[in-house]
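K.L.:
Please work out how this folds:
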Amino acid sequence: MQIRIRDAHDEDWAAIWPFFRAITAAGETYTYPRDIDSGAGRALWMPGPPGHTVVAVAEDGTVLGSAKTGPNQMGPGAHIATAGFMVSPAAAGRGVGRALGEYVLAWAKAEGYRAMQFNAVVQSNVRAVALWKSLGFEVIGTVPEAYRLPDGSFTGLHVMHRVL
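P.N.:
Got it, this is the predicted structure:
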């Protein structure tokens, strides 16, 4: 499958929102409220500069996934990037997450960031953890039981880091 990554535009939110809503409502991978509405979701996912949001699109223009990136912290911590990724469940397992991850890493390096840090990778999200490790990230710490799963059980949140 051919995947193209491009900057997200305001009109892309209509294609991102259905999988954003499904992923957040499932409550298994993001610390966003499970009942987040479209306006709040858009504000989180499509921030203005220095944030940067992209979409992964198929040859026919279908939005397969999205990533947002930018500084992990403000001020003296702004030289470390962070990112978030969502892939449409219909496109899962087709390389979309990897393509987005590779793009964001290259973008952050080109922008002068020194490293990338993910603050809250859900420990039980083994596919994401494996993907980030395959792209050179290390788990540098885990906050035990920091994430409540939909069934009421708890799992850890990994902090993952990679030098650019």
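
K.L.:
Test for you: state the pLDDT assigned to the residue lying closest to residue 52 once chain neighbours are set aside.
P.N.:
Leaving out its chain neighbours, the residue that sits closest to residue 52 by Cβ to Cβ, 6 or more residues apart in numbering is residue 69, at 5.2 Å. Just so you know, the C-beta spots here come from the backbone N, C-alpha and C atoms, and that holds for glycine as well. On pLDDT, residue 69 comes in at 97.

K.L.:
now swap in residue 93 and tell me
P.N.:
89.

K.L.:
what secondary structure does it sit in?
P.N.:
Put simply, residue 93 is coil when judged by DSSP: H, G, I helix; E, B strand; the rest coil.

K.L.:
What count of nearby residues applies to it?
P.N.:
Around residue 93 there are 9 other residues, counting by other Cβ atoms under 10 Å.

K.L.:
what about residue 145, which helix or strand?
P.N.:
Residue 145 belongs to strand 138-148 when assigned by DSSP states H and E.
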